[in-house]
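In: sharing a sequence plus its predicted fold:
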Amino acid sequence: MSEPLVRVTVPASTANLGPGFDALGMALQLYSVVEMKRSEQTTIVLEGRELQGVPADKSNLIYQIAADLFRKAALPVPELFIRASSDAPLTRGLGSSAAAIVGALVAANHLAGEPFTRDQLFDMATEIEGHPDNVGASMFGGIVVAMAPEQKGATVPYIRLDPPKDLQALVVIPEFALATEKARNVLPQVYSKQDVIYNVGHSSLLVAALAQGRLDLLGVAMGDRLHQPYRAELVPGLREILDEAMQHGAVGAALSGAGPTILCFVSSDEGRKQVEGFVDKVMTGHGILYRTMVLQPDVHGVQVETQK
Ligand code: HSE
């Protein structure tokens, strides 16, 4: 009898939404798939151009996380067949590593007989990723507001919100990659009181505006002084887009996660077309190759199917 296969579909995500550094994430309708089953020998198949160059041996992140979950559940680590694909580009700020982590945990947990709850898997994902924003959105869908616990391994408190009606993301994806580590290393160790107060106010207003569907407040509430000003030197065009996108049809704009993708929120086709024209002028002016995608928020989070 052949082993049952679990197929897990995970949304990509955009983190921070401007001021909510390491705390806010939104799931997007752009998916990665992880398939997993017990096997006589471990085989890892990576499909599609986005996963080219990712290791396909036991050093693979998905395999490592799956093996670790079995160990945590005090179960023998099985040999695994793993097949993975991703429509989300890697190292662009759309949460592809978070999606892989969530996919690996949820698939392995299913094969192991569900020893852990979804919330426990979220805690584990946060510990692996180092912050809860992308993994929370990929796990639960919608908008996730979460904070990393001070103690390693403690429960991650979070609230999930439904995205406001009519909100769409126009993501501007430059051709170049930017490692999260590099984009975190440019941030200062210490911030001024004014900058901290600025971000607390903006992030708080942003969460309240998202909860009440107040798209009119996003443009102002998405201001940030903790990471975007420093990361702008790594992302040509970011400064202009953050400063001017709202005058060209966007309802809000931010760096997506650690970048280099830039997120413009739009609420109508007309607004989207206007932003596309503006973005093209800015990016072409900087000589940056890029592509755009229009993505709806995902509201389901990770989805699991089993095939006998
Ligand atoms: N909050 C994270 C950052 C997201 O901005 O560095 C990227 O992993």
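Out: Okay, I see it.

In: remind me what the helix or strand harbouring residue 272 packs against, helices and strands.
Out: Following DSSP states H and E, one finds residue 272 within helix 269-285. Contact analysis of helix 269-285 by 3 or more C-beta pairs under 8 Å, 6 or more residues apart in numbering; DSSP states H and E lists strand 168-174, helix 238-244, strand 262-266, strand 290-295 as its packing neighbours. The way it works is simple: take the backbone N, C-alpha and C, and place the C-beta from them, glycine included.

In: chain center to it: distance?
Out: Helix 269-285 sits 23 Å away from the centroid of its parent chain (C-alpha atoms, centre = their mean, to the nearest Å).

In: check stretch 41-54 too.
Out: Relative to its chain's centre, stretch 41-54 lies at 20 Å (C-alpha atoms, centre = their mean).

In: same check, this time on stretch 152-162
Out: The chain centroid and the centroid of stretch 152-162 are separated by 15 Å, computed with C-alpha atoms, centre = their mean.

In: pull out the buried positions in that stretch.
Out: Residues of stretch 152-162 classed as buried by neighbour count (16 or more other C-beta atoms under 10 Å): 156, 158, 160-161.

In: which residues of the protein lie near the ligand?
Out: For the chain, the residues in contact with the ligand (C-beta under 6 Å from any ligand atom) are 15-16, 21-22, 131, 133-134, 180, 183-184, 227, 257-258.

In: pLDDT check: weakest of those residues?
Out: Ranked by pLDDT, those bottom out at residue 180, which has 92.

In: nearest spatial neighbour of that residue, chain-adjacent residues omitted?
Out: residue 258 (4.3 Å; C-beta to C-beta, 6 or more residues apart in numbering).

In: ok, the one you found - contacts?
Out: Residue 258 is in contact with 15, 93, 178, 180, 183-184, 231, counting by C-beta atoms under 8 Å, 6 or more residues apart in numbering.

In: TSV for these, including neighbour count, secondary structure and distance to residue 100?
Out: Formatted as TSV, those follow (neighbours: other C-beta atoms under 10 Å; DSSP: H, G, I helix; E, B strand; the rest coil; distance: C-beta to C-beta, whole Å):
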residue	neighbour count	secondary structure	distance to residue 100
15	31	strand	15
93	30	coil	15
178	20	coil	18
180	18	helix	13
183	21	helix	19
184	15	helix	19
231	21	helix	23
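
In: and residue 304, what element?
Out: Going by DSSP H and E, residue 304 is part of strand 303-307.

In: and that strand, what does it pack against?
Out: strand 5-15, helix 96-111.

In: among the helices and strands packed on helix 269-285, show me which one is buried the most.
Out: strand 262-266 (a mean of 28; mean count of other C-beta atoms under 10 Å).

In: now that strand: how far from the chain's centre is it?
Out: Put simply, strand 262-266 sits 14 Å off its chain's centre (C-alpha atoms, centre = their mean).

In: and that strand, what does it pack against?
Out: strand 168-174, helix 238-244, strand 252-255, helix 269-285.
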